[in-house]
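S.K.: Any chance you can model this:
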Amino acid sequence: MKQSLFSAEIRSTFARYLITGGFAAIIDVSVFSYFNSLQFGVLAAATIGFVVACLFNYIASSIFVFAANWRSATRALSFLAAALIGLSINVSITFYLSAYGLWPVLAKIIGIGIAFIANFSMNSLIVFRRR
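M.R.: Residues are numbered from 1 along each chain as shown. You can find the predicted model right below:
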């Protein structure tokens, strides 16, 4: 049976994903800011921040959001594929907005927000879908 986009279960999952994603975003921006301050460059700093946050997000999403086994190699590879799509969205937005003069940290936050929606969609519909 198909669920409504606003069913209680989907709202609950989204709320947990938002909490987990919030922690991942804090990790992402913190790591990005640190490496950017070390003059690593926006692209490198954005990538490092995303990778560290992604590792946290996979384990936290598996356990807290979707109640799934995080030790599944197939799921981990699917999550990685979705994360790489999210990474390309995140880094591209961060790079282009900062190249056009936006403060790099604000550009990064915007990139995170857009990638968040894409990642939630991919994770809930593909990676962690109930069979």
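S.K.: In stretch 31-50, which residues are buried?
M.R.: 31-32, 35-36, 42, 45-50 (16 or more other CB atoms under 10 Å). Bear in mind the C-beta positions are built from the backbone N, C-alpha and C, glycine included.
S.K.: Show residues contacting that stretch.
M.R.: Applying CB atoms under 8 Å, 6 or more residues apart in numbering, the contact partners of stretch 31-50 are 27-30, 52-53, 83, 86-87, 90-91, 94-95, 98, 104-105, 107-108, 111.
S.K.: Pull out the buried residues from the residues you listed.
M.R.: With neighbours counted using 16+ other CB under 10 Å, the contacts of stretch 31-50 contain these buried positions: 27-29, 52-53, 83, 86-87, 90-91, 94-95, 98, 104, 107-108, 111.
S.K.: Where does Arg16 sit, in terms of helix or strand?
M.R.: In the assignment (DSSP states H and E), Arg16 maps to helix 8-37.
S.K.: now that helix, how far from the chain's geometric center?
M.R.: Centre-to-centre, helix 8-37 and its host chain are 7 Å apart (CA atoms, centre = their mean, to the nearest Å).
S.K.: And the helices in the chain, which stretches?
M.R.: For the chain, the helices defined by DSSP state H occupy 8-37, 42-60, 73-99, 104-122.
S.K.: Many thanks, have a good one.
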